[in-house]
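Asks: 3D, please:
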Amino acid sequence: MFKSGRVRARTVALALAAVAALAVGTTGTPAVAATGKAPAAVAKSGPISVAYVEVNSNSMLSVGNYQLANGGGNVFDIAVIFAANINYDTSTQSAYLYFNPQVQSVLDNVATQVRPLQAKGIKVMLSVLGNHQGAGFANFPSQSAASAFARQLSDAVSQYGLDGIDFDDEYAEYGNNGTGQPNDSSFVYLVSALRGDMPGKLISLYNIGPSASSLSYGGVDVSSDFNYAWNPYYGSWSVPSISLPNADLSPAAIEIGATDTGTAASLAQQTVDGGYGVFLTYNLDGSDQHDYISSFTNPLYGSDAVYTG
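Replies: Below you'll find the predicted structure:
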């Protein structure tokens, strides 16, 4: 989501990553320079690009392997670990945050899987997805239950030094294990609590499922608690139905290698022409995809992509 003349650049990048990896505090948050700020990414003009990575089969590090030929900025600004799960404990009748072995491996190895991306200025978020057990973001039975799960999410972000949480309300299979059906209050309680727990972090909405249509309850609208929202249907254009500025929305969504390059280029151009500030991609793998990626970086940034892996 370095050869020949780029060997020196790679050496410098790896050295920076190693320094960041060694400077991890007890909470898992990377230490920063005396200025108190992380290294700035090379500036680029245009929308931010987001890369979901299926960590069951691919490495997070692939997100950092692409730069713009013109200016050298990162192609991708946000990398999303896909995906943790919301599971259900039948003994306590409560939801809990679950990491499969591949996600747990990424988190256990943040020094080598996450910090190098952050050292390049790429934000790393954790996506959370239903797991066929009946637990979901839309059916917490009480505000306290929603708040308890929000605390699990914020604790994970803190422990592993991540940059935020992405909500993907799919595969919950509401009603399994005797769980309730979606209600109007659940997601509002959850997002409100999470924003309160991590005011400086990112929260994004994969605009799908009952949660996406339950953003307001009891006079509280949590739309403004999100930093970003995006269209979940790859190869298509659909503006998310959430009250956020265009700069925070991605109506375009593509699957790298599966959405044809003509469609990817067209969607990128629509993004620019419509004044939208985010471009969503899914399923970045470890192979050299710079030709494909250039199909959307040219409309977005006026530049080809270069593979540096």
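Asks: mind checking how far the spatially most central residue of the chain is from residue 94?
Replies: By Cα atoms, centre = their mean, the chain has its centre lying nearest to residue 80, at 3.2 Å. Distance of residue 80 to residue 94, given as Cβ to Cβ, to the nearest Å: 26 Å. Bear in mind the C-beta positions are built from the backbone N, C-alpha and C, glycine included.
Asks: list the buried residues for the top strand by length along the chain?
Replies: Of all the segments of type strand in the chain, defined by DSSP state E, the longest one is strand 78-89. Going by neighbour count (16 or more other Cβ atoms under 10 Å), the buried part of strand 78-89 is 78, 79, 80, 81, 82, 83, 84, 85, 86, 87, 88.
Asks: the first one contacts residue 51, correct?
Replies: The reference is to residue 78. Yes. Residue 78 is within contact range of residue 51, at 7.2 Å (criterion: Cβ atoms under 8 Å).
Asks: quick one on the thing from earlier: can I get the buried residues of strand 78-89 in a markdown table with distance to residue 42?
Replies: Conversion of these to a markdown table gives the following (distance: Cβ to Cβ, whole Å):
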| residue | distance to residue 42 |
| --- | --- |
| 78 | 16 |
| 79 | 16 |
| 80 | 21 |
| 81 | 24 |
| 82 | 26 |
| 83 | 29 |
| 84 | 30 |
| 85 | 35 |
| 86 | 36 |
| 87 | 40 |
| 88 | 44 |
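Asks: and which of those is nearest to residue 226?
Replies: Nearest to residue 226 among the buried residues of strand 78-89, counting by Cβ to Cβ, is residue 78 at 13.4 Å.
Asks: mind checking the end-to-end distance for stretch 196-216?
Replies: Its first and final residues considered, stretch 196-216 spans 17 Å by Cα to Cα, to the nearest Å.
Asks: what are the boundaries of the helices in the stretch 151-300 of the chain?
Replies: Remark: helices assigned in the stretch 151-300 of the chain by DSSP state H, counting those that start in this stretch are 186-197, 209-212, 261-273, 290-301.
Asks: these: which one's closest to residue 67?
Replies: Of the helices of the stretch 151-300 of the chain, nearest to residue 67 by Cβ to Cβ is helix 290-301, at 9.4 Å.
Asks: and the angle for that closest one with helix 261-273?
Replies: Here the directions of helix 290-301 and helix 261-273 differ by 20 degrees (axes from the mean of the first three to the mean of the last three Cα atoms, to 10 degrees).
Asks: would you check how far apart residue 184 and residue 218 are?
Replies: Counting by Cβ to Cβ, the gap from residue 184 to residue 218 is 9 Å.
Asks: got it, and residue 85?
Replies: Separation of residue 85 from residue 218 (Cβ to Cβ) stands at 28 Å.
Asks: ok, residue 264 - how many residues close by?
Replies: By the measure other Cβ atoms under 10 Å, the count of residues near residue 264 is 27.
Asks: one step back: apart from its chain neighbours, what residue comes closest to the residue nearest to the centre of the chain?
Replies: The spatially closest residue to residue 80, leaving aside those adjacent along the chain, is residue 52, at 4.5 Å (Cβ to Cβ, 6 or more residues apart in numbering).
Asks: my guess is the one you found is in a helix, correct?
Replies: No. Judged by DSSP: H, G, I helix; E, B strand; the rest coil, residue 52 forms no part of a helix; its state is strand.
Asks: okay, and the beta partners of it?
Replies: With DSSP bridges applied, residue 52 shows beta-bridge pairing to residue 80, residue 282.
Asks: spit out the contact partners of it.
Replies: 1, 80, 82, 127, 280, 281, 282, 283, 284 (Cβ atoms under 8 Å, 6 or more residues apart in numbering).
Asks: and the pLDDT at the last one?
Replies: This means residue 284. Predicted confidence (pLDDT) for residue 284: 98.
Asks: let me see the contact set for it.
Replies: If you count contacts by Cβ under 8 Å, 6+ apart, then residue 284 has 1, 51, 52, 53, 58, 62, 63, 76, 256 around it.
Asks: could you measure it against residue 49, distance?
Replies: Distance from residue 284 to residue 49, counting by Cβ to Cβ: 10 Å.
Asks: which neighbours do the two have in common?
Replies: residue 76.
Asks: residue contacts, residue 279?
Replies: If you count contacts by Cβ under 8 Å, 6+ apart, residue 279 has them with 47, 48, 49, 50, 250, 252, 267, 268, 271, 296, 300.
Asks: same question for residue 240.
Replies: Counted by Cβ under 8 Å, 6+ apart, residue 240 has contacts 205, 207, 212, 229, 230, 231, 249, 250, 251.
Asks: and for the residue lying closest to residue 68 once chain neighbours are set aside, the neighbour number?
Replies: Distances taken as Cβ to Cβ, 6+ apart place residue 303 nearest to residue 68, at 4.2 Å, with adjacent residues excluded. Taking other Cβ under 10 Å as the criterion, the count of residues near residue 303 is 20.
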